[in-house]
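[1] What follows is a predicted protein model with its sequence.
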Amino acid sequence: MTTDSGAISDVAETSTPMSRAWRDPRFSPANLFRSYGGLIAIALLAYALLVWAPGELTPFRLGNLGKYCCWAIAAVGIGLAWGRGGMLVMGQGVFFGLGGYIMAMHMKLEATGPGEVPDFMSLYGDGTMPFWWEPFRNGAFTMVAIIVLPALISFLLGYAILKRGVKGAYFAILTQALAVAFSTLLIATIKQTGGFNGLNSFSSFFGQKLNKSTKQDIYLMAAGALIICLLIVWQLYRSRFGELLVATRDAEARVRFLGYDPANTKLIAFVLAAVMASVGGALFTPLVGIISPSNVDAAASIMLLAGVALGGRSTLMGPALGAIAVGYGQSTLSETYPTSWTYFQGALFIVVMLFLPGGLASLWTKLKGLMPTRSPLDRRPVSAALAVGAEAAK
Amino acid sequence: MTASFLGEDYIEIRDLTVDFDGFKAVGGVDLTFLQGRLHFLIGPNGAGKTTLVDALTGLVQGTGTARFRNRDLLAMKSHQIVRLGVGRTFQTATVFEELTVLQNLDIADGIHRKAWSRIGARRRVSERVAEALEVIGLTDLAGKPAGILAHGQRQWLEVGMLLVQEAQVMFLDETVAGMSAEEREETGDLLRRIAPGRTIVVIEHDMEFLRAYADFVTVMHAGKVLAEGTVAEIQANPTVQQVYLGASKEVEVDV
């Protein structure tokens, strides 16, 4: 990390009368680092996930890592909506499930064969397939639906919620209620969606038999999608939109008096987060081999949040790394303590929010804050700083 | 001032009333804000000064009319009013503390850009932003987070944001409250510098500041206009003196 003192000395060196170039943010090393340091971190993660892991991990471990990557994709979206946009999205399981079920319907139809109906429909129903299953036989339609459907639904929902100025706890409760309603609906419609069993027993993925090498390809797709999502938010965070989003989060009324409708800014972040969650869900289904209401309900939504909170919700890498860590924790701890993992997860969320609201990523800044600052500007008494301002005003 | 009346911008307020469940915070105010002068709005606490500005900027619902460039401000939403060229500050300066001074001003500059351009990062500082940085004297602190600014500097940054968004009308709510004597002077000079060509309305309690910088004064009391005129006229007005001397009694009634 570049320290503050580095940034200051840079200003002092280059702010000669003939050059006002330091004012351009591109020329300050601190800002260069802030802008492009993220790319380095993404590149390191890409190397670990795309090059190192496939060569080193057993297929079982790799499959697990792929699962964490799917959660991480959804988590990156939550980081955008919650960390930068201030919207505590407690129901991302809905969009995760939307993508997961769309993919599952396609794979189920592929496994069923032409003219046949999925097994559970004969088992629980009268053996007829609902008409809205039919289009998902088509692979291209499925892929488009994974992006477009959650985008459409989140836009309509977000428009209704955000334009009315619903925020804070009310927004959180509303989205949480959606997750509860969605999983309840799935359980209640066993004839159409497989109910609490969910959808499983797949045999192929877009024409490829689900064997070891296909599974590795799907893993690479999940890891690749995670990297792409990180690149998207990296660009958003350094863009003017990213600045506006943070400004909207911190002082919504002020943004309004700068001529913006804050609802529009938040809506974009909300829709992007929903699409990312859907992509995560869509890749989760083939990797895990099943999608069921327990993957999309309130508890699943909170698990996603816990990872984001742990890693640091407003940072670039925090949400993704936090989600991978929580996923890993769930896999290993739930093997040893299958029942108490949920409690541990809830406790983790509470402890992080209480004692480290910025997540693990803020630990460094916190520790640095405990030490005396070395920045000459910060150490100056307020009156001196004022004098500078007053002089410049003349 | 010197400019002719024709071609000047102005806000013409007629019969403005703001009703909070039966309590008339502003009761039938007629007022005209003219371009090019520092118009001070004074009055005891609860006189309705801030509520009047809230109504003109879409923050609370008011009845009556407020004409500006052939539009009725009372029928518009906040962000639309801003886009028409009316800006304001708040009693407690609200700046985006995590963003730098430059970023704060750049967001205000967004009003001049297309929405699509926001996808990109900032490549250069716009002329408007660079100029505003000079005018408000924060050039040296451009790269610092606004959260570290002193009280007075925050208020200047807010004025700078209004400059960048090219607000033709500025409502400044108790801008010099809590400032040191030098900061007040700086602020007054700053307002003097930017007043020509703009309509500036200052809500103020500080009488010394008012005497030094006001071109025109409107005194409000209990939601109504009590008196209008130059500083000398207002100071000589017996009703105004009475209201200010008996202010402690009035506060209870008003709040």
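    Yep, that arrived.

[2] so who does residue 78 touch?
    Just going to use chain A. By CB atoms under 8 Å, 6 or more residues apart in numbering or on different chains, residue A:78 lies in contact with A:89, A:92, A:273, A:277, A:304-305, A:308, A:313, A:319. Just so you know, the C-beta spots here come from the backbone N, C-alpha and C atoms, and that holds for glycine as well.

[3] ah, I was thinking of chain B
    A:256-257, B:57-59.

[4] So for it, what's the pLDDT?
    On pLDDT, residue B:78 comes in at 88.

[5] returning to that earlier point: adding neighbour count, write the contacts of residue B:78 out as JSON lines.
    JSON lines is the format used below for the contacts of residue B:78 (neighbours: other CB atoms under 10 Å in any protein chain shown):
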{"residue": "A:256", "neighbour count": "21"}
{"residue": "A:257", "neighbour count": "28"}
{"residue": "B:57", "neighbour count": "21"}
{"residue": "B:58", "neighbour count": "22"}
{"residue": "B:59", "neighbour count": "18"}
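
[6] In helices, which of those fall?
    residue A:256 (DSSP state H).

[7] and the contacts of residue B:78 as JSON lines, adding pLDDT and distance to residue B:189?
    Converted to JSON lines, the contacts of residue B:78 look like this (pLDDT from 0 to 100; distance: CB to CB, whole Å):
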{"residue": "A:256", "pLDDT": "89", "distance to residue B:189": "30"}
{"residue": "A:257", "pLDDT": "88", "distance to residue B:189": "25"}
{"residue": "B:57", "pLDDT": "92", "distance to residue B:189": "26"}
{"residue": "B:58", "pLDDT": "90", "distance to residue B:189": "31"}
{"residue": "B:59", "pLDDT": "88", "distance to residue B:189": "29"}
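
[8] just the contacts of residue B:78 now: which is nearest residue A:108?
    Distances from residue A:108 to the contacts of residue B:78, taken as CB to CB, are shortest for residue A:256 (47.4 Å).

[9] hmm, back to that, identify the farthest-apart pair in the contacts of residue A:78.
    A:277 and A:313, at 15.1 Å, using CB to CB across these.

[10] Of these two, give the one with the bigger neighbour count.
    Set residue A:277 next to residue A:313 and count neighbours by other CB atoms under 10 Å in any protein chain shown: residue A:277 wins out with 35 against 29.

[11] Let me see the confidence value for the more buried one.
    On the pLDDT scale, residue A:277 gets 97.

[12] can you check residue B:93 too?
    Reported pLDDT for residue B:93: 75.

[13] what number of residues lie near it?
    When neighbours are counted by other CB under 10 Å, residue B:93 comes out with 23.

[14] And for residue B:114?
    Considering only other CB under 10 Å, residue B:114 is surrounded by 7 other residues.

[15] Among the contacts of residue B:78, which one sits closest to residue B:50?
    residue B:59 (9.4 Å).

[16] Distance-wise, check the residue in the stretch 51-200 of chain B that chain A sits nearest to relative to residue B:153.
    Nearest to chain A in the stretch 51-200 of chain B, going by CB to the nearest CB, is residue B:137, at a distance of 2.9 Å. Using CB to CB, to the nearest Å, we find residue B:137 at a distance of 8 Å from residue B:153.

[17] Looking at these two, which has the bigger crowd around it?
    The residue with more neighbours, out of residue B:137 and residue B:153, is residue B:153; 29 against 20, by other CB under 10 Å.

[18] wait, that one sits on residue B:141?
    Yes. If you go by CB atoms under 8 Å, residue B:153 and residue B:141 touch, sitting 7.3 Å apart.

[19] residue contacts, residue 207?
    You didn't pick a chain, so chain A it is. Applying CB under 8 Å, 6+ apart, the residues near residue A:207 are A:110, A:139.

[20] wrong chain, I was asking about chain B
    Contacts of residue B:207 by CB under 8 Å, 6+ apart are residue B:42.

[21] got it, and residue A:255?
    A:244, A:247-248, A:262, A:265, B:107.

[22] How about the secondary structure of the spatially most central residue of chain B?
    What sits nearest the mean C-alpha location of chain B, by CA atoms, centre = their mean, is residue B:171, with 1.5 Å. Judged by DSSP: H, G, I helix; E, B strand; the rest coil, the three-state class of residue B:171 is strand.

[23] is it in a bridge, and if so with what?
    Here residue B:171 sits in beta bridges with residue B:88, residue B:201, going by DSSP bridges.

[24] ok, so what distance separates it from residue A:88?
    In terms of CB to CB, residue B:171 sits 33 Å off from residue A:88.

[25] ends of stretch B:33-41, how far apart?
    Using CA to CA, to the nearest Å, the end-to-end distance of stretch B:33-41 comes to 10 Å.

[26] Just send the contacts of residue A:78 back as JSON lines, with distance to residue A:225 and secondary structure too.
    Converted to JSON lines, those look like this (distance: CB to CB, whole Å; DSSP: H, G, I helix; E, B strand; the rest coil):
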{"residue": "A:89", "distance to residue A:225": "19", "secondary structure": "coil"}
{"residue": "A:92", "distance to residue A:225": "16", "secondary structure": "helix"}
{"residue": "A:273", "distance to residue A:225": "14", "secondary structure": "helix"}
{"residue": "A:277", "distance to residue A:225": "12", "secondary structure": "helix"}
{"residue": "A:304", "distance to residue A:225": "16", "secondary structure": "helix"}
{"residue": "A:305", "distance to residue A:225": "20", "secondary structure": "helix"}
{"residue": "A:308", "distance to residue A:225": "17", "secondary structure": "helix"}
{"residue": "A:313", "distance to residue A:225": "20", "secondary structure": "coil"}
{"residue": "A:319", "distance to residue A:225": "14", "secondary structure": "helix"}
